[in-house]
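> Build the 3D model from these lines:
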Amino acid sequence: MHRSVFQKREVIVFHQFKRKGWALFACLGREVVISVLSVATLSATKAANISDEVWRTDSTQTTKEIWLGDVGVTGSRAPLTQSQAARMVTVLSHDDIAQAAVQSVNDLLKLAVGVDVRQRGAFGLQTDVSIRGGTQEQIMVLLNGINICDPQTGHNVMDLPCQLDEIVRVEVLEGPAGRAYGTSSLVGAINIVTSSHEKHMTKDEKRAVTSDINLEGGSFGYAKAAFIANLSALQLSSLHTQHQLSSSYQRSDGFSRSKAGTLNTDYSGLKAFYQGQMDNEQLTVSWHAGISDKGWGSGTFYATPRWQADDQYEHTTKIMTALQAETKQGAIHFHPAIYWNQYRDRYEGYRNQPDKMKYNHNRCNIYGVNLNSYFDWKAGRTAVGAEIRNEDLESGNLGEPYSEAKMKARGANSKYTRGINRTNLSAHLEHNVLLHRLTLSAGVIAAKSSWSDADWKLYPGVDISYRLYDSDDSSLCIKLFASYNTSLRLPSFTEMYYKLQGYAADPHLKPEEMSALETGAQLTSSFLRAKATVWHHHGRNMIDWMMDTRLGDSAVWQSVNHTRINATGFEASAVIRLQQLFPTLFKPSSYLSLSYSYIKQDKELEEGLVSQYALEYLRHKLVATLHTPIWHHLSLTLNTRWQDRVGKYTTFSGEVCDYKPFALVDARLQWQTPRYTLYAEANNLLDNRHYVDYGNVPQPGIWFIAGVKYKLQF
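Presented below is the predicted three-dimensional model:
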């Protein structure tokens with residue numbers, strides 16, 4: 001990525017580089033002499049601790065720019081920089097987020113090459129996100145490294161309490177990630193990292209307060225108001241604290257109406273998020289707490305040819321909390337975490353008509369404790385840790401029946417009559433060898449669940465990368481990489497127990513298991529970043545919803561295990577700094593991004609069978625992004641996405657149709673100054689009204705958004 005860097009006006013003294021046997025440089029087995037530390041140290045530290053603001057101490061000096069790519073990523077249990085990591089992680093930076101014509105993380109992920117984003121409504125209303133041909137249930141989503149997956153269903157996992165402007169980066173790890181993140185990351189993981197946007201202070205400063213205000217409006221009665229407030233304080237001589245509070249409200253009338261003429265894709269939602277950090281020379285303690293409360297018209301989201309409801313409704317409330325700590329000194333570095341998440345869901349098959357169809361209420365509490373630790377020694381860096389996670393669901397429809405009904409569901413006359421509880425245990429061991437050009441990372445995770453009678457099972461993995469060429473000034477680097485990884489996933493509670501209006505779940509589903517091979521190459525130069533990857537997945541007991549349309553009116557969606565599914569894919573991506581190639585035509589921040597992915601599965605459907613998830617995947621996906629300044633503070637970003645999906649769907653009239661390829665274009669025009677930003681966006685710029693992302697779910701045509709962001713400093 002291409003960023004501005006502060007100009008220093010005083011000598012910076014570093015106190016934490018120590019000549020110990022456990023120090024990171026010691027594992028290289030050679031003496032390292034450091035002469036210039038300003039950029040090198042910034043590059044090697046964790047990005048979570050780097051402010052994305054442009055630091056200015058002397059506005060009269062010339063701003064310098066570098067390609068900052070050596071930030072810390074979490075593709076392994078032990079912290080490694082992006083250049084050291086053996087596993088390739090796609091990083092969507094804060095700059096990528098700010099420039100993209102998107103309103104949610106869901107929309108942002110459409111730009112990632114191996115990610116499939118299936119949208120049921122505009123503005124990230126409800127979106128299923130999957131990786132490399134998997135389903136929305138098969139990925140793990142993390143908030144600041146904490147697992148926030150909902151064991152009830154993966155449909156609403158992307159309802160985040162934080163705002164897009166608070167996210168400093170999004171890390172996408174493609175392929176089984178059990179060794180790095182734990183079970184449930186069957187085909188990949190997405191880690192969303194937020195930042196307190198701290199202002200780095202001198203000893204003469206005691207505290208700094210900033211506030212960001214955001215107002216938006218647009219098509220379909222869309223409106224949004226949001227703010228982010230930051231407080232950074234310097235207490236005593238060594239203790240720093242940072243606090244950030246944000247809140248937002250969004251609403252829309254929706255882009256369609258039911259047959260009766262009522263709203264059926266409208267929504268309104270409130271978010272609030274607080275995060276803080278306390279830091280000194282020995283320890284860093286961080287925490288976050290947030291709530292996301294949203295209700296939306298679900299139109300025909302879950303309708304079937306047998307049940308053609310077009311006025312469904314859903315309301316969710318999500319609470320997410322976590323407390324983490326990390327030691328900085330000592331031979332062993334500890335990173336413990338404790339978290340509690342609660343997810344509430346009310347589903348109405350017929351909006352405001354409980355007498356016609358009973359509402360489905362669910363409340364799921366997730367409690368987790370984990371400990372990760374690592375230490376350096378002569379053979380490299382070793383990480384070891386464990387996690388215990390309890391998932392408890394109370395429901396009016398899902399789970400095993402209670403002997404007597406429990407407490408009433410919030411805001412309803414019904415009670416929780418069913419439920420399920422399971423405890424998942426895991427332990428991991430990983431070792432990393434860091435040589436001059438070679439990085440080798442190998443490890444294993446052991447997993448067991450109280451839901452299954454199976455004994456502990458081991459899921460190993462190994463990653464290797466070799467820097468084939470690495471110039472002394474880092475202007476050119478060519479890296480080769482390969483990996484073999486495995487993982488598993490337990491069935492969601494919906495897959496096991498959902499039995500309403502055309503759906504029949506199987507409580508005896510087997511856990512899914514995945515093993516994957518991957519190899520590729522990456523090139524980094526002063527004007528180009530390119531990567532190409534070939535991968536192969538072997539899945540066992542893969543879970544899907546299937547319908548036999550030959551049964552006519554009696555056909556229902558059934559949850560089943562596929563014996564095995566093999567998939568092979570290819571991905572290629574490139575980011576080109578246009579100013580380096582055409583200095584007279586483009587300004588320094590101009591870039592062109594291109595990416596393409598291809599997937600082929602060996603599982604073919606019999607005539608009359610329709611898959612809802614596992615066998616519907618993107619055969620082709622092509623994404624292109626152009627960002628260029630136009631005049632002074634004015635810039636333009638264009639995003640184009642073309643995709644071709646494998647699979648079929650049955651229309652309400654009974655016709656079986658293939659998914660057809662389609663293309664969408666989004667644009668963002670932005671005027672940005674240090675104090676304020678004005679912007680206008682157009683999504684689906686070509687007004688494509690005929691594309692189908694999900695069968696029988698209409699999609700909006702073109703829609704516009706305009707907004708302003710203003711920064712206050714105290």
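> Where does pLDDT dip in the stretch 101-250 of the chain?
For the stretch 101-250 of the chain, applying pLDDT under 70 flags the ranges 196-207, 233-237.
> how about the helices in it?
Secondary structure of the stretch 101-250 of the chain by DSSP state H, counting those that start in this stretch: the helices cover 105-109, 178-181.
> Of all the ones you listed, which one is nearest residue 252?
Comparing the helices of the stretch 101-250 of the chain by their distance to residue 252 (C-beta to C-beta), the top pick is helix 105-109, with 14.6 Å. C-beta: built from backbone N, CA, C; applies to glycine.
> And the closest one, what's buried?
Across helix 105-109, burial judged by 16 or more other C-beta atoms under 10 Å covers 105-109.
> any idea which of the residues you listed is the one closest to residue 691?
Among the buried residues of helix 105-109, residue 107 lies closest to residue 691 (C-beta to C-beta), at 15.3 Å.
> in terms of contact, does the closest one touch residue 117 like I think?
Yes. Between residue 107 and residue 117 a contact is recorded at 7.4 Å, counting by C-beta atoms under 8 Å.
> and stretch 125-133, how far apart are its ends?
22 Å (C-alpha to C-alpha, to the nearest Å).
> What residues of that stretch count as buried?
Applying 16+ other C-beta under 10 Å to stretch 125-133 flags 125-133 as buried.
> Could you list the low-pLDDT ranges of the chain?
Looking at the chain by pLDDT under 70, you get 1-74, 82, 196-207, 233-237, 405-413, 474.
> Okay, and the beta partners of the residue positioned nearest the centre of it?
Nearest to the mean C-alpha position of the chain, counting by C-alpha atoms, centre = their mean, stands residue 190 at 3.5 Å. Listed beta-bridge partners, residue 190: residue 141, residue 172 (assigned using DSSP bridges).
> That one and residue 143 touch, don't they?
No. Between residue 190 and residue 143 there is no contact under C-beta under 8 Å: 9.9 Å.
> which residues in the protein form helices?
Secondary structure of the chain (DSSP state H): helices at 38-44, 94-99, 105-109, 178-181, 493-497, 578-581.
> So which of those helices is nearest residue 306?
Nearest to residue 306 among the helices of the chain is helix 493-497; the distance by C-beta to C-beta comes to 18.8 Å.
> Might one say that residue 666 is in contact with residue 686?
No. Contact between residue 666 and residue 686 fails when scored by C-beta under 8 Å: they sit 10.1 Å apart.
> The two: who's more crowded?
Using other C-beta atoms under 10 Å as the criterion, residue 666 and residue 686 rank with residue 666 on top: 22 against 12.
> how close does that one get to residue 702?
10 Å (C-beta to C-beta, to the nearest Å).
> just to revisit the earlier point, any common contacting residues for residue 107 and residue 117?
Common neighbours of residue 107 and residue 117, counting by C-beta atoms under 8 Å, 6 or more residues apart in numbering, are residue 127.
> all strands for the stretch 1-150 of the chain, in order.
Applying DSSP state E, counting those that start in this stretch to the stretch 1-150 of the chain gives strands spanning 2-5, 64-67, 72-73, 80-81, 90-93, 115-119, 127-131, 139-143, 146-147.
> now do the stretch 201-350 of the chain
207-218, 222-235, 239-252, 267-279, 283-299, 312-327, 332-348.
> What angle do strand 139-143 and the last one make with each other?
If I follow you right, that is strand 332-348. Orientation check (axes from the mean of the first three to the mean of the last three C-alpha atoms, to 10 degrees): strand 332-348 against strand 139-143 gives 110 degrees.
> which parts of strand 332-348 are buried?
Buried residues in strand 332-348 (16+ other C-beta under 10 Å): 333, 335, 337-339, 341-348.
> Looking at those residues, spot the one nearest residue 434.
Closest approach between the buried residues of strand 332-348 and residue 434, by C-beta to C-beta: residue 333, at 15.6 Å.
> what about the closest residue to residue 382 other than its chain neighbours, neighbour count?
The shortest distance from residue 382 to any non-neighbouring residue, by C-beta to C-beta, 6 or more residues apart in numbering, is to residue 431 (4.8 Å). Neighbours of residue 431 under the rule other C-beta under 10 Å: 18.
> follow-up on the earlier one: list the residues that contact the residue nearest to the centre of the chain.
By C-beta under 8 Å, 6+ apart, the contact set of residue 190 is 109, 115, 129, 131, 139-142, 170-173.
> Max pairwise distance over these: which two?
Checking these with C-beta to C-beta, the most distant pair is 115 and 142, at 15.0 Å.
> quick one: which of the two has more around it?
Taking other C-beta under 10 Å, residue 115 and residue 142 do not tie; residue 115 has more neighbours (25 against 20).
> thought the more buried one was touching residue 109?
Yes. Assessed by C-beta under 8 Å, residue 115 is found in contact with residue 109 at 4.8 Å.
> shared neighbours of those two, anything?
Shared contacts of residue 115 and residue 109, defined by C-beta under 8 Å, 6+ apart, comprise 129, 172, 190.
> Would you mind confirming that the first one makes contact with residue 104?
Same thing as residue 129. No. At 10.8 Å, residue 129 does not count as touching residue 104 under the criterion of C-beta under 8 Å.
> list residues touching both of those two?
Taking C-beta under 8 Å, 6+ apart as the criterion, residue 129 and residue 104 both touch residue 158.
> Not counting sequence-adjacent ones, nearest residue to residue 592?
The spatial neighbour of residue 592 that comes closest, neighbours along the chain excluded (C-beta to C-beta, 6+ apart), is residue 576 at 4.7 Å.
> so who does that neighbour touch?
Counting by C-beta under 8 Å, 6+ apart, residue 576 makes contact with 527-528, 591-594.
> And it, how far from residue 666?
Separation of residue 576 from residue 666 (C-beta to C-beta) stands at 20 Å.
> and residue 352, how many residues sit next to it?
10.
> How about residue 434?
Residue 434 is flanked by 20 other residues according to other C-beta under 10 Å.
> That one contacts residue 83, doesn't it?
No. The criterion here is C-beta under 8 Å, and residue 434 misses it with residue 83 at 10.6 Å.
> Next one: residue 111 from residue 696, what distance?
Per C-beta to C-beta, residue 111 is found 27 Å from residue 696.
> meant to ask about residue 513, not that
Taking C-beta to C-beta, one finds residue 513 at 32 Å from residue 696.
> mind giving me TSV with the buried residues of strand 332-348 and columns for distance to residue 95?
Output for the buried residues of strand 332-348, formatted as TSV (distance: C-beta to C-beta, whole Å):
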residue	distance to residue 95
333	30
335	28
337	28
338	33
339	29
341	30
342	34
343	32
344	36
345	35
346	39
347	38
348	41
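> nearest to residue 661, of those?
For the buried residues of strand 332-348, the residue nearest residue 661 by C-beta to C-beta is residue 347; the value is 32.3 Å.
> In space, what's closest to the closest one - neighbours in sequence excluded?
Spatially, and ignoring its direct neighbours in sequence, residue 347 is nearest to residue 360 (4.3 Å; C-beta to C-beta, 6+ apart).
> For that neighbour, the count of nearby residues, please.
19.
> Is it correct that it is in contact with residue 346?
Yes. At 7.3 Å, residue 360 counts as touching residue 346 under the criterion of C-beta under 8 Å.
> before we move on, back to that, any idea which of the contacts of residue 190 is closest to residue 284?
Nearest to residue 284 among the contacts of residue 190, with distances taken as C-beta to C-beta, is residue 142, at 18.1 Å.
> Does that closest one touch residue 189 like I think?
Yes. The pair residue 142 and residue 189 passes the contact test of C-beta under 8 Å, sitting 6.6 Å apart.
> Next, show the common contact partners of those two.
Residues within reach of residue 142 and of residue 189 at once, by C-beta under 8 Å, 6+ apart, are residue 181.
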